[in-house]
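>>> How does the following fold in three dimensions:
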Amino acid sequence: MDVTPALRQLVERRLSRVERLLNDSAVSATAILTLEKYRHRTEIIVHARGDKMLRGLGEGNAWNLSIRQATEKVEQQAKKVKGKWTARKRSDTPRRTARAGGDGTGRGARAEAAERETVAPRVIRAARYAVKPMSVEDAALRMEETAEAFIVFRNPASESVSIVYRRKDGNLGLIEPD
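Modelled structure (predicted):
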């Protein structure tokens with residue numbers, strides 16, 4: 001059958017809703033219109049990113065009815081696919097490691113991700129730090145001269161190890177043992 005400009009416009013108007021829903025993820029769309037006596041059949045196939053094929057079939061006694069049915073089915077599928085895409089983007093689980101098969105216990109990736117989050121942070125040993133005897137005032141002067149975040153020193157007045165550190169507000173903090 002010949003596709004009239006009005007029929008083409010009806011299909012394009014209905015598919016524009018699906019295109020808006022999928023944004024730039026829609027690759028192509030195909031509409032197959034079939035007329036068998038008094039039965040109008042419309043099959044719409046939309047190819048989206050990731051090799052997703054959305055297919056809707058509509059039947060009715062008029063073109064607008066069958067096209068509406070087919071596009072509604074494709075819209076439902078598009079909403080489901082888009083929901084999966086956005087859920088994947090929102091999930092804050094860490095990226096998968098090289099072990100794609102898991103640890104062999106039959107647990108899923110979510111259980112492994114939750115286990116990794118509860119693991120204590122790694123302790124990385126720094127080079128040896130010389131603890132020199134100096135007063136609190138000397139340590140404060142040294143902090144202002146250097147860009148170090150903290151200074152560990154032995155306080156000669158109390159014979160204990162103390163720490164002077166730079167606070168977020170720009171002032172200096174002092175940590176002394178009891």
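>>> How is the protein partitioned into domains?
Domains of the chain are assigned by automatic domain parsing as 5-90, 132-175.
>>> The ones you listed: which one's closest to Ile124?
domain 132-175 (15.0 Å; C-beta to C-beta). To be clear about C-beta, it is placed using only N, CA and C from the backbone, and glycine gets the same treatment.
>>> Compute the mean per-residue pLDDT across the closest one, please.
The pLDDT scores in domain 132-175 average 86.
>>> Kindly check the end-to-end length of it for me.
16 Å (C-alpha to C-alpha, to the nearest Å).
>>> now do stretch 165-173
Across stretch 165-173, first to last residue, C-alpha to C-alpha, it's 5 Å.
>>> swap in stretch 154-169?
End to end - C-alpha to C-alpha - stretch 154-169 spans 25 Å.
>>> for stretch 132-140, same thing?
End-to-end distance (C-alpha to C-alpha), stretch 132-140: 14 Å.
>>> So what's the gap between it and the chain middle?
Chain-centre distance of stretch 132-140: 48 Å, with C-alpha atoms, centre = their mean, to the nearest Å.
>>> Same check on stretch 161-174?
With C-alpha atoms, centre = their mean as the basis, stretch 161-174 stands 37 Å off its chain's centre.
>>> ok so, going back, who wins for proximity to Arg122 among the domains of the chain?
Going by C-beta to C-beta, the one of the domains of the chain nearest Arg122 is domain 132-175, 19.0 Å.
>>> Just give me how far that closest one sits from the chain centre.
That offset, for domain 132-175, works out to 42 Å (C-alpha atoms, centre = their mean).
>>> Also stretch 73-81?
21 Å.
>>> ditto for stretch 15-28
21 Å.
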